[in-house]
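[1] the sequence isn't on hand, but the structure is:
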């Protein structure tokens, strides 16, 4: 699980792999940034139970969607509509905004 480096809020999971199904949430996008297809707690298109919020960002003169921590408002990165299926999203997250915590299972 990847947590917010500022407040320890859980944000993104690597995915679930078991004998029944495999769902990779973290993937290599070729950008050099950690990339995820969805936030932890997403259910379909519902992000109400996730640790993130989306905001419009026009700081570079281009409309982008910023991703921030819902708990502490820390900037995490941006989300783009060019990711893999089934979501088609690419959460492009700054690695210094994340703290990895391995599963205790």
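    Noted; the coordinates are in hand. On a predicted model such as this, the values are computed, not experimentally measured, just so you know. Residues are numbered from 1 along each chain as shown.
[2] could you check stretch 79-86 and say which residues are buried?
    Going by neighbour count (16 or more other CB atoms under 10 Å), the buried part of stretch 79-86 is 79-80, 83. In short, each C-beta sits where N, CA and C put it, glycine included.
[3] those in strands, which ones?
    Those of these mapping onto strands are 79-80, per DSSP state E.
[4] ok, residue 7 - contacts?
    Residues in contact with residue 7 (CB atoms under 8 Å, 6 or more residues apart in numbering) are 69, 71-72, 74.
[5] now do residue 38
    Contacts for residue 38 were tallied using CB under 8 Å, 6+ apart; they are 25, 87, 89, 91.
[6] and residue 96, that one's in a strand?
    No. In this structure, residue 96 is helix, not part of a strand, as judged by DSSP: H, G, I helix; E, B strand; the rest coil.
[7] and the buried residues of stretch 79-86 as JSON lines, adding pLDDT?
    Compiled in JSON lines, these are given as follows (pLDDT from 0 to 100):
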{"residue": "79", "pLDDT": "97"}
{"residue": "80", "pLDDT": "96"}
{"residue": "83", "pLDDT": "93"}
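[8] let me see the ranges of the strands in the chain.
    Listed in chain order, the strands of the chain (DSSP E) span residues 2-4, 10-12, 15-17, 22-24, 26-27, 35-36, 52-57, 64-69, 75-80, 90-93, 98-100.
[9] what's the most buried one of those?
    When you average the neighbours per residue for each of those (mean count of other CB atoms under 10 Å), strand 35-36 leads with a mean of 26.
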